[in-house]
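Trainee: Fold the following for me, if possible:
(one chain, ligands or ions: 1)
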Amino acid sequence: MNSAYPLTPEQISTYRRDGFIKLEGVITGDDLAAMRDAVAGAVQNESANDDPARVKSSYEQIFIQKVNLWTRHDDVKPHVLSKRFGDIAARLMGTRARIWHDQALFKEPHTGAKTPWHQDTPYWPHEPKIEQTTIWIALRDATVHNGCMSFIPGTHKLLDIEPVNLGNPQELYDVAPQTKGIKPVTVELKAGDCTFHNGMTFHYAGPNRSDGMREAFAIIYMPEDTTYNGVAHVVTDPVKDTLTVGGKFDTPLFPIVSD
Ligand SMILES: O=C(O)CCC(=O)C(=O)O
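Mentor: As a prediction, the model looks like this:
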């Protein structure tokens, strides 16, 4: 799990040009099975007391989202702190990689709605917001039928677009007319494949029309020198006393996981 994943200079330049890349087999065999079991078990455990009769908000209909599982589940932790994943993130970003947070993103069969086009970094209390990257790992095959991801190449250069409200999204072309004419790239993944996307790259996932859960696990990295800007966020609000506005995320919740 901690052995190096080979990455060519061409892959790094493709990522930097397009703002995303697909990598095959970043986790395989027993390691993949262990990660899948750990993440799916944690999601099940944390959903056990949910009331099935409760009407979900439009945001909740997109996916079951469980954030920072590594802090509560010892069997998820080694996967999030994986040096193999962290080193890929560092090579793509060009700086050492610090964990921002992880999240399980499970799109439910038939009811899992589309994930609207959006950028990620505008929601985050980070400065600067240019190089953050997410590994999105398919724990089971991700296809057009069950809601795989699509990306708009080059849109990581669009740095001043208002954040999209995922629960009540505007049309993409209203939010970012600059994306007109750029063809999105849809990326199907086998279990154990992943994409890395820059947090500024516009991305989308279709609804889950299949009978099974679309199971994905994302780990988000920031450059080690990223600073906290104090804006409200679900990950930082509970620990804001440990952070300084203008200072680095230098606490155990945000470890550096690469060389
Ligand atoms: O899993 C999805 O449907 C969307 C994921 C996403 O937006 C992300 O990982 O940034």
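
Trainee: The residue nearest to residue 245 when sequence neighbours are not counted: neighbouring residues, count only.
Mentor: Excluding the flanking residues, the one nearest residue 245 by Cβ to Cβ, 6 or more residues apart in numbering is residue 230, at 4.0 Å. The way it works is simple: take the backbone N, C-alpha and C, and place the C-beta from them, glycine included. For residue 230, the count of nearby residues is 14 (other Cβ atoms under 10 Å).

Trainee: residue contacts, residue 230?
Mentor: Contacts for residue 230 (Cβ atoms under 8 Å, 6 or more residues apart in numbering) come out as 125, 240, 245.

Trainee: Residue 17 reaches residue 155, doesn't it?
Mentor: No - here residue 17 does not reach residue 155: they are 11.7 Å apart, not a contact under Cβ atoms under 8 Å.

Trainee: Show me which of these two is the more surrounded one.
Mentor: Applying other Cβ under 10 Å to residue 17 and residue 155 shows that residue 155 carries more neighbours, namely 23 against 12.

Trainee: Let me see the confidence value for residue 1.
Mentor: pLDDT for residue 1: 65.

Trainee: Pull the contacting residues for residue 220.
Mentor: So residue 220 contacts 99, 100, 101, 102, 103, 120, 132, 133, 134, 199 (Cβ under 8 Å, 6+ apart).

Trainee: part of a strand, is it?
Mentor: Yes - assigned with DSSP: H, G, I helix; E, B strand; the rest coil, residue 220 falls within a strand.

Trainee: from memory residue 164 sits against residue 118, does it?
Mentor: Yes - counting by Cβ under 8 Å, residue 118 is a contact partner of residue 164 at 4.1 Å.

Trainee: Three-state assignment for residue 160, please.
Mentor: Using three-state DSSP as the criterion, the local structure at residue 160 reads coil.

Trainee: Just to check, residue 92 is in contact with residue 23?
Mentor: No - using Cβ under 8 Å, residue 92 is not in contact with residue 23, being 9.8 Å away.

Trainee: anything in contact with each of those two?
Mentor: By the contact definition Cβ under 8 Å, 6+ apart, residue 92 and residue 23 are jointly contacted by 7, 196.

Trainee: which one of those two has more residues nearby?
Mentor: The neighbour count for residue 92 versus residue 23, taken as other Cβ under 10 Å, is higher for residue 92 (24 against 20).
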